[in-house]
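> make a model of this:
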Amino acid sequence: MTSLHRAGRARRQRVDGETLRLCRLTQAAAAAAFGVPPAELRAPSRRSATVAFARQSAIYLAHVTLGLDIATVARAFGRDRSTAVHACHLIEDRRDDPQLDAVFEALEDVCRERSTQS
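Predicted coordinates for the structure are as follows:
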């Protein structure tokens, strides 16, 4: 491992417990809504298109609905910042579909409600 790689790894910030809790909340909500196991959303690889979409949805919910910083959300999901930004753009574009928009409205309500509970 080169010193550049070691230095980059050392600069990565940890994600605090509250942020992880909120991201796990969005993962659970998205996993339930799209019928995938929550553990699949935390997998380091992309997985199936269904799992990837559920993960993108959870990232979107964490950032847009719960207001978490995009870079922090990316770290919590084990992804690059650009991947998290792409996820948010993709979901925003897909919300033009009225049926999918209704699903996200319900997910947003659930995430907002549960985010204030301990």
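
> buried set for stretch 102-110?
103-104, 107-108, 110 (16 or more other CB atoms under 10 Å). (Each C-beta comes from the backbone N, C-alpha and C, glycine too.)

> restricted to helices, list the residues you listed.
103-104, 107-108, 110 (DSSP state H).

> closest to Ser82 among the residues you listed?
When these are ranked by distance to Ser82 (CB to CB), Phe104 comes first, at 22.2 Å.

> so what's that closest one up against?
Contacts for Phe104 (CB atoms under 8 Å, 6 or more residues apart in numbering) come out as 57, 60-61, 91, 95.

> looking at the residues you listed, which has the most residues close by?
Of all the contacts of Phe104, the highest neighbour tally under other CB atoms under 10 Å goes to Leu61, namely 29 neighbours.

> where in the chain is the helix or strand with the lowest mean pLDDT?
helix 3-11 (a mean of 43; mean pLDDT, DSSP states H and E).
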